[in-house]
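Peer 1: Give me the fold of what follows.
(chains A and B)
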Amino acid sequence: MSLEAMAPDVAAGVVGGIGLPPPLAGAVALRAKGISLRFGGVQALYEVDIEVPSGSVTGLIGPNGAGKTTLFDVLCGLQRPDAGSVYVAGRDVTDFGPDRRARLGVARTFQRLELFWSLSAADNVRVGAESTAQWWRWSHQRRRLHPGTEVGRLLDQVGLRGAGDEPVDALTTDRARLVELARALAIGPRVLLLDEPGSGLDGPESAALGDLLVELAGQGMAILLVEHDMELVMRVCSHLHVLDAGQIIASGRPHEVRGDRAVRDAYLGGEFPETGVVA
Amino acid sequence: MSAFWAYTVIGVATGAIYAITASGLVVTYVTTGVFNFAHGAIGMFAAFSYWELAENHHVQPAIAVALVLLVEAPLLGAAIEFVLMRRLHGASTERSLMITLGLMLILLGVATTLWGTTPNQTGLPAFFAGHNVRIGGVNITVHQLIVLATAVVVAVGLRFALRRTRTGVAMRAVVDDPELMAMAGARPVRIARAGWIAGVMLAALAGVLIAPLVTLDQVTLTLIVVNGYAAAVVGRLRNLPLTFLGGILIGLGEAYVVGYVPAEWQSNWLPNPALALPMAFLFAVILVLPVERLRAVGEVRVSRVPNVTTLRRSLAGAGGVVLAGVLAAGALSLTWQTTLSQGLVFGVIALSLVLLTGYAGQVSLGQMAFVGIGAYTMGKIAGGGSWLGVLAAVGASAAVGALIAWPTVRVKGLYLALATLAFAQFAYYVFFSNLRLFNDNGSIIVHRVRLPGVKLSGSGAELVFLSVVFALCAVLVLAVRRGTFGRRLVALNDSPAACATVGLNVRRTRLAVFALSAAMAGLGGVLYGGLQGPVSADDFQVLVSLTLLLLLVIWGVRTPTGALLAGLTMATLPVLQSHVSWVSSLPALVVGVGVVLVGRLPNGVTGAVSDWLAGWRPARSAPVLDAVVPEVFEGGANVA
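Peer 2: Here you go, the predicted structure:
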């Protein structure tokens, strides 16, 4: 059954944000079909197909330079592909800019941090929370914002309780990453693209992040996770895509992918990491 | 027909000079990432140096040219790289832009001091003046032939140098990926130095070639190179063949306009068409540039503290300004009251730049044009002193600002800066110099705003009134900063890509802040006109805009305190000049040197002072929060 049939308002993409009825688990929230992209002489992406269902965490793994971040740029609209289409809840958004996609509920974080360095942690999140607010719609603004509570709740949720007043350039990189996560959550996303959120986290912190991702997915969010911490990936992902040299070389359940020969070869012909961090 | 060919020859020759200067601009830009706004001033300086040697010291022209181009220019280029640019490594585009603007003012100031302010009537003789060649029935001067030959040599030489020499190949590669080049063992400093020397030599060459064709006057020579900017933008600041093509097209357009636009038009409704055309061209080229892709750049950390002033503090600061205004009105002489009033008006204009440049990181090089629009509208509507006029002035400036920004906010900041420069120059030539719109002596009378129930007479009352207006504007600007819109502006400056991915419409937000800033500049125009009485084109020159912008950068571009100090300095410098005779153009020199000295401080002098004070303050329970409020808005009261 298609998403349109199950939840027409969600599929039409007219709603987004906190307070939505959770999209039906299992429906494809984000789909990319046949994405190809060249940078000069480099084929960055070649006919990439990927599906990110609501209600679960999908992993995107692959060696450095495989094109994971480039694919993220295409998915969130920062980069136009040469060929292929991107659908959000069944709606073709290929021609949409990043801001329009964000208003449809596509949020992301960045591997190389893109924070608002002149603002405090709370204000970083607030910019996200207020992004769809229009100044002439007071009621809308009040309903959505509650600056203290909403922003504070998000900071608590990612584990940054009490850090709201700190300027973000005073935070360590791993905590600054969490500010990006909170900012992405602030737009009330239906699709969450996370580019190595766990890098720099120690064991317990990484576990807490994993719990958070599972919890968010449980609320109906579709999460696409790029991560080198295989322990985290194996624990939270219910589906994996493996990208190598711009192509998807394997897709499937984590244990299936782990046994895939092509995947083992892609990781420098070595062993697929059972646990620990792939460099 | 022969007239057509004569215009064509003139056009190609002028265009060739634009092409030479623009290629220098491109070479510096691609190797160092710095768009050199001092390019024209360098050409001017070279032309004057040549004139000094050839005319005053009777040096053989060939030797004089060689001295200027092969000794002075390379030394100047190397000095610029070593003294000004090397320490800017890693600074933002706006910072380096400000430094080159400062260099431009320094060169202007030095040249004015050395060679006087009145245009030199004898001018610079053309090379082989009086010698003509006849080709196909058209007279071509030897000077024009030399220009054409030089352009060809420069074009071929640059192509050879960039493709066949080691340094040239490295210079091209450094554009593609500076980090990779550094890893591959290239020496960035050497490449940057080569880029500056080549750029300065080409600027000097163009200056020496063009000076005989125009008046030998510092400002004219400096600003004529803005025409060359248009050529460089045709080549998107990268492509040299397109840059040459652009130069020739502009030169031809200018010559045909001079030749074929009827004199009657020029005296009636289209003054200075030849000067305005390149500006319109520059603007048009920016319109057709492809949309800039929002790029995630990743971790560009700028050490700034969040600078949010609470309502209570901003009200206290505002009260301080008003109190100081009242005290000054009672205590100071008439002259000083007028000077302070001017300072407050410039302060309001500077506040409009705090919004635009300080918060949003967008640069306007022609803010005085919006001031002019405000003043003009005020003067024309309902007798020149009514509230209706104020509303119309603010509205008109905002509308024109939005119109200018609408097509330009989609490209990167440098092009917006260039577009504002082109607009301001265009407005100066076509609108503010238009005697149909202004009175016959080129001015328009603006009256002071008539307040209902309040009688404002005398300069003391005006000073108090203006300090109230400035205080209100400052409170407004700080309120904007505290609110949703202000957060968005700061966020947009830090990372447009991240803003877009949380759902912000980047273009619309930039457009809104530009219009808001223009509106406030328009209000500044109302006040400026009311203070001056008659205003004319010269009040709204680009150089005035640049001086005020740089003063704001010096004092602190992110705070109303900086705006107040910038305004007061702007008004005080001419007073200072009247007491100093050994140097002309003191304001330009002070501002130029100032911006070079403090250009590295992200929050200017006020920021540095408040950081220093914060270090002395006893530590409280939350030291981080303590550093969050380095605003010294109350400090403004002491200065006024």
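
Peer 1: Show me the chain divided up by domain.
Peer 2: With no chain named, the answer covers chain A. As given by automatic domain parsing, the domain ranges for chain A are A:3-105+A:189-266, A:121-187.

Peer 1: was after chain B, sorry
Peer 2: Split by automatic domain parsing, chain B gives B:2-287, B:314-639.

Peer 1: For chain A, find the nearest of those.
Peer 2: Evaluated with CB to the nearest CB, those place domain B:314-639 nearest to chain A, the distance being 3.5 Å. Heads up, the C-betas are built off the backbone N, CA and C, glycines and all.

Peer 1: circling back to that earlier point, need the least confident one among the domains of chain A, by mean pLDDT.
Peer 2: Comparing mean pLDDT over the domains of chain A, the weakest stretch is domain A:121-187, at a mean of 79.

Peer 1: Could you work out the end-to-end span of that one for me?
Peer 2: For domain A:121-187, the first-to-last residue distance is 15 Å (CA to CA, to the nearest Å).

Peer 1: Let me know how buried B:Asn132 is, in neighbour terms.
Peer 2: Per other CB atoms under 10 Å in any protein chain shown, the neighbour tally for B:Asn132 reads 14.

Peer 1: That one reaches B:His143, doesn't it?
Peer 2: No. Counting by CB atoms under 8 Å, B:Asn132 sits too far from B:His143 to count as a contact (9.6 Å).

Peer 1: now the strands for chain A?
Peer 2: Assigned by DSSP state E, the strands in chain A fall at A:28-39, A:42-53, A:56-61, A:83-88, A:91-92, A:106-108, A:191-195, A:222-226, A:237-244, A:247-252.

Peer 1: Next, format these as CSV and append distance to B:Gly401 and mean neighbour count.
Peer 2: CSV is the format used below for these (distance: least, CB to CB, whole Å; neighbours: other CB atoms under 10 Å in any protein chain shown):
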stretch, distance to B:Gly401, mean neighbour count
strand A:28-39, 37, 20
strand A:42-53, 39, 19
strand A:56-61, 44, 25
strand A:83-88, 35, 19
strand A:91-92, 36, 14
strand A:106-108, 33, 28
strand A:191-195, 36, 26
strand A:222-226, 41, 27
strand A:237-244, 46, 22
strand A:247-252, 48, 18
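
Peer 1: Nearest to chain B, out of these?
Peer 2: That would be strand A:106-108 among the strands of chain A, by CB to the nearest CB, at 5.3 Å.

Peer 1: what about the closest one and chain B, any contact?
Peer 2: Yes. If you take CB under 8 Å from any CB of the partner chain as the test, strand A:106-108 does meet chain B, through A:106-108.

Peer 1: For that strand, which helices and strands make contact with it?
Peer 2: Judged by 3 or more CB pairs under 8 Å, 6 or more residues apart in numbering or on different chains; DSSP states H and E, the packing partners of strand A:106-108 are helix A:68-76, helix A:173-186, strand A:191-195, helix B:496-501.

Peer 1: helices or strands next to the third one in the packing?
Peer 2: Looking back up the chat, that one is strand A:191-195. Looks like strand A:191-195 contacts helix A:68-76, strand A:106-108, helix A:173-186, strand A:222-226 (3+ CB pairs under 8 Å, 6+ apart).

Peer 1: Buried residues in the longest one, which are they?
Peer 2: Residues of helix A:173-186 classed as buried: A:174-186 (neighbour count, 16 or more other CB atoms under 10 Å in any protein chain shown).

Peer 1: and chain B, which of those residues contact it?
Peer 2: Contacts with chain B within the buried residues of helix A:173-186, counted by CB under 8 Å from any CB: A:180, A:183-184, A:186.

Peer 1: now, which of the residues you listed sits nearest chain B?
Peer 2: A:Arg183 (6.3 Å).

Peer 1: a markdown table for the domains of chain A, including distance to B:Arg187?
Peer 2: Listed next are the domains of chain A as a markdown table, based on distance: least, CB to CB, whole Å:
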| stretch | distance to B:Arg187 |
| --- | --- |
| domain A:3-105+A:189-266 | 25 |
| domain A:121-187 | 31 |
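
Peer 1: Could you point out the longest helix of chain A?
Peer 2: In chain A, assigned by DSSP state H, the helix with the most residues is helix A:203-218.

Peer 1: If you count neighbours, what's buried in that helix?
Peer 2: A:206, A:209-210, A:212-213, A:216-217.

Peer 1: Next, the angle from that helix to strand A:42-53.
Peer 2: Computed with axes from the mean of the first three to the mean of the last three CA atoms, to 10 degrees, the direction of helix A:203-218 lies at 60 degrees from that of strand A:42-53.

Peer 1: same for helix A:203-218, what does it pack against?
Peer 2: Counting contacts by 3+ CB pairs under 8 Å, 6+ apart, helix A:203-218 packs against strand A:56-61, strand A:222-226, helix A:230-236.

Peer 1: Save these as TSV, and put in distance to chain B too.
Peer 2: Formatted as TSV, these follow (distance: least, CB to the nearest CB, whole Å):
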stretch	distance to chain B
strand A:56-61	17
strand A:222-226	14
helix A:230-236	22
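
Peer 1: so which of the ones you listed comes closest to B:Gln425?
Peer 2: Ranking the helices and strands packed on helix A:203-218 by distance to B:Gln425, with CB to CB as the measure, places strand A:222-226 first at 48.8 Å.
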